[in-house]
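Engineer: I'd like to go over a predicted model; first the sequence, then the structure.
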Amino acid sequence: MFSKPFLLQPRTVKETGNRKTVLDEAYTLFPDRDALLLKDFPVRVSVGDPLYKQSSGLVLSPVNGIASLEHTEEGSKIRIVQDGNFIGSKPWIPKVLKKEEALEPMDRLGLVSLDFPEHSLLSYFKSRQKTSLIILAPFTRNQDVDYLPELRKNLECHARFLEVLKSLFPEAQIRDYISGLKSPVKNYAYPWGIPEYFLSQTEKLPFSKIKEILYLGPETLYNLYRALFADFPFIEREIALYFLGKNGGLRKADSTVRIRNGQSLKFLFEEYGPKYSNFTLNSFYEKNPVRDIKKGFYWDIRQNYSLVFLTKHDSGRREFPCVECGECSYNCPTQANPMALVSSFGNFNSSLCMECGICTFLCPSTISLRTRIRTWKEANHGF
Ligand code: SF4
Ligand code: SF4
């Protein structure tokens, strides 16, 4: 099983009250190329107004202000100059919901599944109409922030949502790890938040079955309950901050930072820039590019969930030949045997590979097994 050194404890999300700051930088959003614009720009917008629709659902204005559209060689961007206060969190008021009252806010308030972020939450629900199993999981796909305490503080809201689930899916079994079942592991460790892995370990089902199951992790539920019980749109996300020092030591900030969609990270870069010149996004297992903080960055709440500050740029790292140490296959949580992709040791079992990235992260020769896995799957299965 997965060993301790990779345990990075998620931080607890805390409601921090309203923020009154008016930022001096425009909020900047980058619609997908096939996005459908829903406004005639320039236009005055309010928090929660729909701006455009793309495959991951409706994207809403994160603030009050004047929104304009700009076209560049890289694509279009929407810039919003804020001219009003933030709306902050509102208390959740439990109430009985009819089926349609639970579904209607999903699109209107821009919700996505944060366990499968390519789907809007409503389209994800619709694609699971015939499900026979619902998992309300204790971990989000990217479990950098722990939402369970917030959900458990609001068990009455959770109970109301369970009633809706039972009426929407009367035949389905519900595995409720929020208020009923005990978590299968005492402490979270990667990759327990990956839905395929959680399913295989708890239900003993193959990865392919995830397509038939309604799986909702705590961050998805947190945003859904904010929408259902406080009418709050999905316009912000709580993010975790990491710091990678010169000696390779990784530190996690004690608290999370709440960032609105399209918000400039200038305020964080000003604070940490003197010590850290670069940053990367999300987890080390994903191998996102290293960026220069001088170039700035606008946060995308659909794609980004944590920020890693780095003291030095390591893009010069190159691959060395495989030394057949076996670390990749030994540490693969599903025994997919990735070593077979670069040596003659056995066969690679693609049906067991969930692309968690652990093998790539651990390889002492910095071989991108992730790339080889992708190439292998495309060549053999066409996906
Ligand atoms: S082969 Fe690599 S990416 Fe695939 S499951 Fe194993 S460790 Fe994860
Ligand atoms: S971890 Fe890297 S060097 Fe070691 S066997 Fe796997 S691919 Fe080869």
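Structural biologist: Nice, thanks for sending it over. Ligands and ions are numbered 1, 2, ... in the order given.
Engineer: which residues touch residue 113?
Structural biologist: 119-121, 124, 216, 220 (Cβ atoms under 8 Å, 6 or more residues apart in numbering). Where you see a C-beta, it was placed from the backbone N, CA and C, and this is true even at glycine.
Engineer: what's the local residue count around the closest residue to it other than its chain neighbours?
Structural biologist: Leaving aside its sequence neighbours, residue 113 sits nearest to residue 124 (Cβ to Cβ, 6 or more residues apart in numbering; 4.4 Å). As a burial measure, residue 124 scores 21 neighbours (other Cβ atoms under 10 Å).
Engineer: same thing with residue 378?
Structural biologist: 10.
Engineer: make sure it is indeed in a helix.
Structural biologist: Yes - counting by DSSP: H, G, I helix; E, B strand; the rest coil, residue 378 is part of a helix.
Engineer: quick check: pLDDT value at residue 196.
Structural biologist: We have a pLDDT of 95 for residue 196.
Engineer: so what's the closest residue in space to it that isn't next to it in sequence up against?
Structural biologist: Nearest residue to residue 196, sequence neighbours excluded (Cβ to Cβ, 6+ apart): residue 207, at 4.1 Å. Residues in contact with residue 207 (Cβ under 8 Å, 6+ apart) are 196, 199-200, 351-352, 354.
Engineer: tell me the SS of the residue nearest to residue 113?
Structural biologist: Classified using three-state DSSP, residue 124 is helix.
Engineer: what's the distance between the residue nearest to residue 196 and ligand 2?
Structural biologist: For residue 207, the distance to ligand 2 (Cβ to the nearest ligand atom, to the nearest Å) stands at 22 Å.
Engineer: residues touching residue 228, list them.
Structural biologist: 97, 101-102, 105, 157, 160-161.
Engineer: report pLDDT for residue 252.
Structural biologist: 88.
Engineer: can you count the residues close to it?
Structural biologist: Residue 252 has 17 neighbouring residues, counting by other Cβ under 10 Å.
Engineer: can you list which of the contacts of residue 228 are found in helices?
Structural biologist: Those of the contacts of residue 228 mapping onto helices are 101-102, 105, 157, 160-161, per DSSP state H.
Engineer: enumerate every residue touching the residue nearest to residue 245 when sequence neighbours are not counted.
Structural biologist: Nearest residue to residue 245, sequence neighbours excluded (Cβ to Cβ, 6+ apart): residue 311, at 6.0 Å. Shown in contact with residue 311 (Cβ under 8 Å, 6+ apart): 244-246, 275-278.
Engineer: so residue 65 sits against residue 43, correct?
Structural biologist: No - using Cβ atoms under 8 Å, residue 65 is not in contact with residue 43, being 10.1 Å away.
Engineer: the more surrounded of the two?
Structural biologist: For the pair residue 65 and residue 43, the greater number of neighbours falls to residue 65 (20 against 14), based on other Cβ under 10 Å.
Engineer: so what's that one bridging to?
Structural biologist: residue 45, residue 82 (DSSP bridges).
Engineer: who's in contact with it?
Structural biologist: Going by Cβ under 8 Å, 6+ apart, residue 65 touches 27, 44-45, 80-84.
Engineer: closest to ligand 2 among those?
Structural biologist: residue 27 (42.2 Å; Cβ to the nearest ligand atom).
Engineer: which of the contacts of residue 228 are buried, as a ChimeraX select command?
Structural biologist: Selection command for ChimeraX covering only the buried members of those, criterion 16 or more other Cβ atoms under 10 Å:
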select :97,102,105,157,160,161
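Engineer: that'll do, ta.
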